[in-house]
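below are the sequence and a predicted model for it; my questions follow.
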Amino acid sequence: LSITSLTQNRVYEELFDSNSEAEMDHITLSRWCDVILVAPATANSISKFSYGNAEDLASTLILASDKKVILVPAMNIRMWMHQATQENVSKLLNYGYLCVGPEIGEMACGEYGKGKMSEPTKIIEFLNNFFSKQKEISKKNLKAIVTSGPTREYIDSVRYISNNSSGKQGYEIAQSLLKRGVETTLITGPTNLSDLKNLKLIKINTAEEMYEEAKKNLPADIAVCAAAVGDFKISKFQKNKIKKQDKINLELEKNRDILSYLSTHNSLRPKLVIGFAAETNNVIENAEAKISKKYCDWIIANDVSKSDIGFDSDFNEVSIIYKDKNKKNELISKRKKSEIAEEITKRILENFNT
């Protein structure tokens, strides 16, 4: 009541409020806010968030939101240093959460050490810097093309050659770029993924269609070629269904290379061209060979022979190979594809801040 009186704003406390039966507060608030600030973030709250619990308004709101979460930890030094708390914080940082503090100082329990909540002035300074960076990205008016999903190379009117790509990684990268203020076009092959609000979405079937759409959407600052494009197409497409036979010979010809085209288009080449390499062996060696052959800036390589990552999985593990030999290759360890996308997006935007 006192906070409501001082701020002249409503304070939300209950997960289900009888005064607003028509709305679910955790959903309404998750859509309304620009960022979620948890201050103070107790050891208990941090534990709930890391395990995805949804047992009160705060934890449910965070689970229902796609906005950036900023934690301001505050607890006893031993609670902060406990292995469980450190693992929970590490997990949340990997999810893309941000952290302010804690500070070293005297705490309410009388002990001195790391665990003290950051001062309001420091929290406000952090928020100002956060939103300034967001505005800087928007001011740059960056434009990105992302390709994702499989392609279909038709044999006849009902049969085609394709692959197991779900399109999830490219979809998550497009979503992450969009959230960070980048005007994003997603060119996708056939998938079961839902459409994203404010995202320019172009649906295609064949590699040739994807090639043409990529050309049409130039110029762009960023190109992320995450699609699993068919290398070959049928030389002679049959309009009618081919009748069953004992044997059939299919003549194939190479599809046009979208990544190579974007990397070598001198007048309209994006400032940053990123390719993907889905490998089953010698992942790093093959990716390094590909970056030289395709003339792109980065290759993001993953091992699709592993059933728990890659095609049709919600998880991935990738290595980023850089053309610039002054930059060390990076491993992004196994995590959700949405988290992989956040890490890739962070590096993309850092590239435009230098």
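Arrived safely.

from residue 235, how far off is the residue of the chain positioned farthest from its centre?
Distance from the C-alpha centroid of the chain, by CA atoms, centre = their mean, peaks at residue 246 (46.9 Å). Per CB to CB, to the nearest Å, residue 246 is found 21 Å from residue 235. C-beta: built from backbone N, CA, C; applies to glycine.

buried residues in stretch 299-307, which are they?
Judged by neighbour count using 16 or more other CB atoms under 10 Å, the buried positions of stretch 299-307 are 299, 300, 301, 302, 303, 304.

touching, the first one and residue 275? I think so.
Yes. Judged on CB atoms under 8 Å, residue 299 makes contact with residue 275 at a distance of 5.1 Å.

any low-confidence regions in the stretch 101-250 of the chain?
134-139, 197 (pLDDT under 70).

one more time with 80
For the stretch 101-250 of the chain, applying pLDDT under 80 flags the ranges 108-109, 131-140, 194-198, 246.

also the stretch 251-354 of the chain?
For the stretch 251-354 of the chain, the stretches flagged by pLDDT under 80 are 266, 307, 310-312, 353-354.

for it, which segments count as helices?
258-264, 283-294, 337-353 (DSSP state H, counting those that start in this stretch).

same deal with the chain?
2-7, 25-32, 43-50, 57-64, 77-81, 83-95, 120-139, 168-179, 207-216, 258-264, 283-294, 337-353 (DSSP state H).

dump the helices of the stretch 251-354 of the chain into JSON lines; add mean neighbour count and distance to residue 153 as well.
As requested, those are exported to JSON lines (neighbours: other CB atoms under 10 Å; distance: least, CB to CB, whole Å):
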{"stretch": "helix 258-264", "mean neighbour count": "21", "distance to residue 153": "14"}
{"stretch": "helix 283-294", "mean neighbour count": "17", "distance to residue 153": "21"}
{"stretch": "helix 337-353", "mean neighbour count": "19", "distance to residue 153": "25"}
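
of those, which is nearest residue 60?
helix 337-353 (18.8 Å; CB to CB).

show me what the closest one is packed against.
Under the contact criterion of 3 or more CB pairs under 8 Å, 6 or more residues apart in numbering; DSSP states H and E, helix 337-353 touches helix 83-95, helix 120-139, helix 168-179, strand 222-225, strand 272-279, strand 315-322, strand 330-336.

which strand residues bridge the residue lying closest to residue 144 once chain neighbours are set aside?
Once flanking residues are discounted, residue 144 sits nearest to residue 222: 3.9 Å by CB to CB, 6 or more residues apart in numbering. Going by DSSP bridges, residue 222 is paired in beta bridges with residue 144, residue 272.

roughly how far does residue 222 sit from residue 263?
13 Å.

go on, residue 143?
Distance, residue 143 to residue 263, by CB to CB: 17 Å.

and the helices of the chain, which is most packed in?
Stretch with highest mean neighbour count among the helices of the chain: helix 168-179 (a mean of 25; mean count of other CB atoms under 10 Å).

quick one, domains of this protein?
Domain ranges of the chain: 2-137, 140-353, per automatic domain parsing.

before we move on, back to that, between residue 299 and residue 275, which contacts overlap?
Shared contacts of residue 299 and residue 275, defined by CB atoms under 8 Å, 6 or more residues apart in numbering, comprise 290, 291.

quick revisit: between the buried residues of stretch 299-307, which sits nearest residue 69?
residue 300 (25.4 Å).

my guess is the closest one meets residue 316, correct?
No. Here residue 300 does not reach residue 316: they are 9.4 Å apart, not a contact under CB under 8 Å.

chain neighbours aside, what residue packs nearest to residue 333?
residue 317 (5.9 Å).

check contacts around that neighbour.
Contacts of residue 317 by CB under 8 Å, 6+ apart are 302, 303, 306, 309, 331, 332, 333, 334, 335, 340.

look up how far residue 304 lies from it.
With CB to CB as the criterion, residue 317 and residue 304 are 11 Å apart.

same check, this time on residue 247
Separation of residue 247 from residue 304 (CB to CB): 31 Å.

could you do residue 130 as well?
36 Å.

likewise residue 246?
For residue 246, the distance to residue 304 - CB to CB - is 33 Å.

please apply the same query to residue 234.
24 Å.

same deal with residue 87?
Noted for residue 87: a distance of 29 Å to residue 304, by CB to CB.

same question for residue 129.
Distance from residue 129 to residue 304, by CB to CB: 39 Å.
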